[in-house]
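Participant: just a sequence and a predicted model for now, questions to come.
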Amino acid sequence: MSEWVQELLREDLRGLSAYGAPQLDVPVRLNTNENSYPLPDEVVRAVSRAITGEIADLNRYPDRDAVKLRADLAAYCGHGLTAEQLWAANGSNEVQQQLFQAFAGPGRTALGFGPAYSMHPLLAVGTATTWVDGRRDGDFGLTVEHAVAQVRAHRPALTLLCSPNNPTGTALDFAVIEAVLAETAGLVVVDEAYAEFRRPGTPSALELLDRHPRLVVSRTMSKAFAFAGARVGYLAAHPAVIEAVQLVRLPYHLSALTQAAARAALAHADVLLGTVEAIKAQRDRIVADLRAGGWTVADSDANFVLFGRFADQKAAWQTLLDQGVLVRDVGLPGWLRVTAGTEEETSAFLAAMKELAA
Ligand code: PMP
């Protein structure tokens, strides 16, 4: 970046580089936990119709409060939730940014437990919030004792819990969420971007909402819904939290086209979510196959798998890329992360791994 821009820039942003996984044009892209399946024709037609129906009215601003979309999201979430308890924005990244803007910011602390979603500390940077990384244990687990001790030590305004956690795939026990809620005076955000891929027996924090007004559950249509390109994320929380978020949202932040597309996709939730079981099967195949090959693999409740341990994960990443398979180096020494894609993509990845082992 030019020196003169560095001088104009906020001091705390100087020298930083922009977040982003490489977007490379290679045959097998398994680096951003997208859903590898294109939208089925039936959904393509429904979304097209919905968008077409909005075009003549694009002279007007969209519904600022996205009320119909929020009602549809509430119906999808279940648990008796209503539109007043849902909020939507351009991806769960924006939803979470709004939470930082409203509840954190200068002079306040946000606490997370790394390795976790790398945007969380960056949202802290963007909103001039003090970030504390409470660290997970060596197996990427998070105990009640450790989580509570971190909350007690740092008194965060915002605590971010990610379940299933990215990049490790680890789901959280309710005991941890409830213990953190009991200890903190602040807001607790459970980032459930990968909720639909949970293994049987792992509940969603949505179940806890009616008992905990300071709990926020963040979700997205980017993963299980195969809708990453549309940019639709949402949160479920107490209506008062949503009123607070509306203080910082930009007016008309969610375009009429996005709202219409998301509603059409939600009307076809059963079809879109039809790929989830196939993706989970490929995830379990990756875990089993890599373990059989002698690799260390973290248990996963998500649509991706963290695996290692490499003496040099950067070199391993490059070797896989040279074979046309793009995975993610999340900056965790010794580890790489791969998204569970189609059966063919998984086969290509596993074959490339055999080359690496050989
Ligand atoms: N949370 C987690 C844990 C994620 O991994 C991601 C996407 N990588 C997001 C939130 C953001 O997704 P989106 O903005 O597409 O909803």
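Facilitator: Okay, I see it. Numbering: from 1, shown residues only.
Participant: drop to CA atoms for contacts and neighbour counts, all remaining ones
Facilitator: Noted.
Participant: how about the residues of the protein by the ligand?
Facilitator: Gly91, Ser92, Asn93, Tyr117, Asn166, Asp191, Ala193, Thr220, Ser222, Ala228, Arg231, Gly233 (Cα under 6 Å from any ligand atom).
Participant: let's test this: mean pLDDT of the strand or helix carrying the second one, rounded?
Facilitator: With elements delineated by DSSP states H and E, Ser92 resides in helix 91-103, which encompasses its position. Along helix 91-103, the predicted local confidence has a mean pLDDT of 98.
Participant: what's that helix packed up against?
Facilitator: Here helix 91-103 touches strand 86-89, helix 119-126, strand 215-220, strand 233-236, helix 239-245, going by 3 or more Cα pairs under 8 Å, 6 or more residues apart in numbering; DSSP states H and E.
Participant: what sits up against the longest one?
Facilitator: To tie it back to what came earlier, the one meant is helix 119-126. Residues from elsewhere that reach helix 119-126 (Cα atoms under 8 Å, 6 or more residues apart in numbering): 12-13, 19, 93, 96-97, 100, 105, 110, 112, 130-131, 160.
Participant: looking at the helices and strands packed on helix 91-103, which is closest to Trp4?
Facilitator: Nearest to Trp4 among the helices and strands packed on helix 91-103 is helix 119-126 (20.3 Å), distances taken as Cα to Cα.
Participant: what's around Leu9, how many residues?
Facilitator: For Leu9, the count of nearby residues is 12 (other Cα atoms under 10 Å).
Participant: just the helices in this structure please.
Facilitator: 3-8, 41-55, 67-77, 91-103, 119-126, 144-154, 174-183, 239-245, 256-267, 269-272, 276-292, 313-322, 343-357 (DSSP state H).
Participant: can I get the ones you listed in a markdown table with distance to Pro333 and mean neighbour count?
Facilitator: Conversion of the helices of the chain to a markdown table gives the following (distance: least, Cα to Cα, whole Å; neighbours: other Cα atoms under 10 Å):
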| stretch | distance to Pro333 | mean neighbour count |
| --- | --- | --- |
| helix 3-8 | 30 | 10 |
| helix 41-55 | 41 | 15 |
| helix 67-77 | 37 | 18 |
| helix 91-103 | 25 | 22 |
| helix 119-126 | 18 | 18 |
| helix 144-154 | 23 | 16 |
| helix 174-183 | 27 | 17 |
| helix 239-245 | 37 | 17 |
| helix 256-267 | 38 | 22 |
| helix 269-272 | 35 | 16 |
| helix 276-292 | 18 | 18 |
| helix 313-322 | 7 | 17 |
| helix 343-357 | 17 | 16 |
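Participant: Ala205: which of these is closest?
Facilitator: Of these, nearest to Ala205 by Cα to Cα is helix 174-183, at 7.4 Å.
Participant: got the angle between the closest one and helix 144-154?
Facilitator: When axes from the mean of the first three to the mean of the last three Cα atoms, to 10 degrees is applied, the directions of helix 174-183 and helix 144-154 differ by 20 degrees.
Participant: which strands or helices does helix 174-183 pack on?
Facilitator: Using 3+ Cα pairs under 8 Å, 6+ apart, helix 174-183 sits against helix 144-154, strand 187-191.
Participant: against the ligand, how distant is Lys280?
Facilitator: 16 Å (Cα to the nearest ligand atom, to the nearest Å).
Participant: hang on, isn't that residue packed against Val287?
Facilitator: No - the pair Lys280 / Val287 is not scored as a contact, 10.6 Å apart, by Cα atoms under 8 Å.
Participant: now this protein, which segments are flagged as low pLDDT?
Facilitator: Low-confidence segments of the chain, defined by pLDDT under 70, span residues 358.
Participant: give me the residue at the spatial middle of it.
Facilitator: Nearest to the mean C-alpha position of the chain, by Cα atoms, centre = their mean, lies Ala193 at 3.8 Å.
Participant: mind listing the residues bridging to the spatially closest residue to it that is not a sequence neighbour?
Facilitator: Nearest non-adjacent residue to Ala193, counting by Cα to Cα, 6 or more residues apart in numbering: Arg219, 4.7 Å away. Note on Arg219: beta-bridge partners by DSSP bridges are Tyr234.
Participant: that older thread, closest to Trp295 out of the helices and strands packed on helix 91-103?
Facilitator: helix 119-126 (27.7 Å).
Participant: centre of the chain to that closest one, how far?
Facilitator: 14 Å (Cα atoms, centre = their mean, to the nearest Å).
Participant: and the angle from it to strand 187-191?
Facilitator: 130 degrees.
Participant: tilt between helix 119-126 and helix 91-103?
Facilitator: Using the same axes, to 10 degrees, helix 119-126 lies at 40 degrees relative to helix 91-103.
Participant: may I have helix 119-126 as PDB, with CA atoms only?
Facilitator: Output in PDB follows, covering the C-alpha atoms of helix 119-126 (Å, rounded to 0.1, in the frame of the first residue of the first chain):
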ATOM      1  CA  MET A 119     -13.000 -13.100  10.800                       C
ATOM      2  CA  HIS A 120     -14.000 -12.800  14.400                       C
ATOM      3  CA  PRO A 121     -10.700 -11.000  15.400                       C
ATOM      4  CA  LEU A 122     -10.900  -9.000  12.200                       C
ATOM      5  CA  LEU A 123     -14.300  -7.700  13.000                       C
ATOM      6  CA  ALA A 124     -12.800  -6.600  16.300                       C
ATOM      7  CA  VAL A 125     -10.000  -4.800  14.400                       C
ATOM      8  CA  GLY A 126     -12.600  -3.100  12.100                       C
END
